[in-house]
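Trainee: Starting from these lines, generate the structure:
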Amino acid sequence: MGEGVTDPAPTHPIQIHNFRAYWLARLTMTLAQYAMLLVIGWQAYNLARDSGMNIAEGSGTLAIIGLLQFLPLFLLTPFSGLAADRFDRRMLGLLTVILQLVCAATLAWFSWNDAISLQLLFVIAIALGIARGFAGPALSSLAPNLVPKALLPTAIALSSISWQVGALVGPAIGAIPYAFDPALPYALSAVLFAISAAALLTIGKVPQPAMRKDQRPIGAIVDGLRYVGQNRMVLSAITLDLFAVFLAGANALIPVFARDIIQTDENGLAMLASATPAGALVTAIVFSFRPLRTQVGPKMLGAVAVFGLATIVFGLSTSLPLSLAMLFIIGASDMFSVYVRQSLIQLHTPDDKRGRVSSVSMMTISASNEGGDAFSGSLAYLMGPVAAIVVGGAGALVTVAVWSRLFPVLRTTKTFDPPDNLLEDRKTGNSQHPQEA
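Mentor: Numbering: from 1, shown residues only. From the prediction side, this is the model:
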């Protein structure tokens, strides 16, 4: 465990210095990320529309942005998970923050000089995909090393709060200053990335289990993938989110709905982009004080069903208040699912495999988020933004029905407790063979 875990009987993760620094680093990094991502999408869509493209063609531009972020995330994540298990997770996270800082500074400079272009935004999207591909496994697998096991579900909820606060406030940091000067949100993002880097530097060296020295890199990656494939609980939790969010992702099309469906300005754009994380934040705060303890599998399935229904209503809405309400529900239900999934994955995975399993989880998250952005943008190009969102929400409902039949463990899992044989493996240090959940 990291420094601070041996302090007298910590009863809450916030009492541990390393976790406080980690929480601040995650918060400031996420604030900067969401500010940048919103402005990149807004700039790209406006550049496309102002150049004469119609709504469908502008949506296709957002699909390209999503695809360019998704590809490096998807291709590099298995290797970044291996890196998170082999190298110092804190330093690996620090390097990714520095890369994102460079991206923010570059966009600030070009925006200040009125030289921003679609080509530059595409290049930055690739760089951000690379950075996030390595940051996810490193930082996700770092958290369990900072707190005692008994406090891990609360730590996950608190970590989710930092992420959701960032996702809630980040769009405002992007959209509102953008109305004054397009360079300003990028400059603010660069400052936030610098704070994140400084916070990570204050975390003391955190011991992590050594990997098998006789295992080659490709074999280690395959070992992590095999564990996910053989552990039905981990596999079902990861893939449920993958398909539901991939099909029903609405975030990429928010610039389209803001400008051409709801017809609002940058303030409305900021509210729409912040509504989903607002719902997620409220849910995460509730779980940080009242952790979920019973019927975790069935409740996860129910949350994803609510996610799909709210997505359908959002797609049909032309009212700003109704759209905000539906996006709030989408965020709350998605956070419910994320909380259950992350707790199950972290508690059902041996520590020496957490980096690689987290990388698989991050790979599917990137497939569902950035890949879903590309999918929804492409679908909007083919059938229009409203139909794309409605069809996607219906797809999420179908996913819930199918997964509840394919993976009965989701319907029967009552608590987060891992099986006894996995606990025994941890005690003896034998975690070479994954156990069925």
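Trainee: helices and strands of the protein: which one has the lowest mean pLDDT?
Mentor: The helix or strand of the chain with the poorest confidence is helix 420-428; it has a mean of 45 (mean pLDDT, DSSP states H and E).
Trainee: Check Met211 and give its pLDDT.
Mentor: Turning to Met211, the model gives it a pLDDT of 52.
Trainee: Equivalent analysis for Leu382, please.
Mentor: The predicted local confidence for Leu382 is 85.
Trainee: from now on call the first residue 12
Mentor: With the count now opening at 12, the last piece we talked about shows up as Leu393.
Trainee: Who are the contact partners of it?
Mentor: Neighbour list for Leu393: 67, 399 [criterion: Cβ atoms under 8 Å, 6 or more residues apart in numbering]. The C-beta positions use only the backbone N, C-alpha and C, and glycine is treated the same way.
Trainee: Regarding it, what is its secondary structure?
Mentor: When classified by DSSP: H, G, I helix; E, B strand; the rest coil, Leu393 comes out as helix.
Trainee: now Ser200
Mentor: helix.
Trainee: I figured it hits Tyr45, correct?
Mentor: No. Between Ser200 and Tyr45 there is no contact, the gap being 9.2 Å when judged by Cβ atoms under 8 Å.
Trainee: Give me the more crowded residue out of the two.
Mentor: Ser200 (31 against 25; other Cβ atoms under 10 Å).
Trainee: so Ala255 sits right up against Val409, yeah?
Mentor: No. Taking Cβ under 8 Å as the contact criterion, Ala255 and Val409 are not neighbours in contact, 9.4 Å apart.
Trainee: who's more crowded, the two?
Mentor: Counting neighbours by other Cβ under 10 Å for Ala255 and for Val409 shows that Ala255 has the greater number, 30 against 13.
Trainee: Could you point out the helix or strand that follows the helix or strand containing that one?
Mentor: Secondary-structure element containing Ala255, defined by DSSP states H and E: helix 243-259. Helices and strands here follow DSSP H and E; after helix 243-259, the next one along the chain is helix 265-267.
Trainee: What's the first helix or strand after that next one?
Mentor: helix 277-300.
Trainee: Would you mind writing the CA trace of that next one as PDB?
Mentor: Written as PDB, here are the backbone C-alpha positions of helix 277-300 (Å, rounded to 0.1, in the frame of the first residue of the first chain):
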ATOM      1  CA  GLU A 277     -22.700  29.100 -26.100                       C
ATOM      2  CA  ASN A 278     -24.500  29.400 -22.700                       C
ATOM      3  CA  GLY A 279     -27.100  26.800 -23.800                       C
ATOM      4  CA  LEU A 280     -24.200  24.600 -25.200                       C
ATOM      5  CA  ALA A 281     -22.500  24.700 -21.800                       C
ATOM      6  CA  MET A 282     -25.700  23.800 -20.000                       C
ATOM      7  CA  LEU A 283     -26.400  20.900 -22.300                       C
ATOM      8  CA  ALA A 284     -22.800  19.600 -22.000                       C
ATOM      9  CA  SER A 285     -22.900  19.900 -18.200                       C
ATOM     10  CA  ALA A 286     -26.300  18.300 -17.600                       C
ATOM     11  CA  THR A 287     -25.100  14.700 -18.000                       C
ATOM     12  CA  PRO A 288     -22.100  15.100 -15.600                       C
ATOM     13  CA  ALA A 289     -24.400  16.900 -13.200                       C
ATOM     14  CA  GLY A 290     -26.600  13.800 -12.900                       C
ATOM     15  CA  ALA A 291     -23.600  11.600 -12.600                       C
ATOM     16  CA  LEU A 292     -22.100  13.900  -9.900                       C
ATOM     17  CA  VAL A 293     -25.300  13.700  -7.800                       C
ATOM     18  CA  THR A 294     -25.200   9.900  -8.000                       C
ATOM     19  CA  ALA A 295     -21.500   9.700  -7.200                       C
ATOM     20  CA  ILE A 296     -22.000  11.900  -4.100                       C
ATOM     21  CA  VAL A 297     -24.900   9.700  -2.900                       C
ATOM     22  CA  PHE A 298     -22.700   6.600  -3.300                       C
ATOM     23  CA  SER A 299     -19.800   8.200  -1.400                       C
ATOM     24  CA  PHE A 300     -22.000   8.500   1.700                       C
END
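Trainee: In that helix, which residues are buried?
Mentor: Counting neighbours by 16 or more other Cβ atoms under 10 Å, one finds that the buried residues in helix 277-300 are 277, 279-299.
Trainee: do the same with stretch 268-276
Mentor: Result for stretch 268-276 [16+ other Cβ under 10 Å]: buried residues 268-270, 272-273, 275.
Trainee: Same list, those, but as CSV with distance to Leu103 and pLDDT please.
Mentor: Formatted as CSV, the entries for the buried residues of stretch 268-276 read as follows, by distance: Cβ to Cβ, whole Å; pLDDT from 0 to 100:
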residue, distance to Leu103, pLDDT
Phe268, 37, 89
Ala269, 36, 88
Arg270, 38, 85
Ile272, 41, 88
Ile273, 41, 90
Thr275, 40, 86
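Trainee: Would you format those as JSON lines with distance to Arg304 included?
Mentor: What follows is the buried residues of stretch 268-276, written out as JSON lines (distance: Cβ to Cβ, whole Å):
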{"residue": "Phe268", "distance to Arg304": "38"}
{"residue": "Ala269", "distance to Arg304": "39"}
{"residue": "Arg270", "distance to Arg304": "44"}
{"residue": "Ile272", "distance to Arg304": "41"}
{"residue": "Ile273", "distance to Arg304": "40"}
{"residue": "Thr275", "distance to Arg304": "41"}
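Trainee: so which of those would you say is closest to Ala36?
Mentor: Proximity of these to Ala36 was ranked by Cβ to Cβ; the top entry is Ala269 with 30.6 Å.
Trainee: which residue sits closest to the closest one in space, ignoring its chain neighbours?
Mentor: In space, and not counting its chain neighbours, Ala269 is closest to Leu280: 4.3 Å by Cβ to Cβ, 6 or more residues apart in numbering.
Trainee: Report the contact partners of Pro288.
Mentor: By Cβ under 8 Å, 6+ apart, the residues touching Pro288 are 45, 175-179, 181-182, 342.
Trainee: how about 6 Å then?
Mentor: Under the criterion of Cβ atoms under 6 Å, 6 or more residues apart in numbering, the contact partners of Pro288 comprise 175, 178-179, 342.
Trainee: Check the gap between it and Thr329 for me.
Mentor: Distance from Pro288 to Thr329, counting by Cβ to Cβ, to the nearest Å: 23 Å.
Trainee: top helix in this structure by residue count?
Mentor: For the chain, the helix that runs over the most residues, judged by DSSP state H, is helix 28-61.
Trainee: For that helix, name the packing helices and strands.
Mentor: In terms of contacts (3 or more Cβ pairs under 6 Å, 6 or more residues apart in numbering; DSSP states H and E), helix 28-61 is packed against helix 66-97, helix 129-153, helix 163-189, helix 195-212, helix 265-267.
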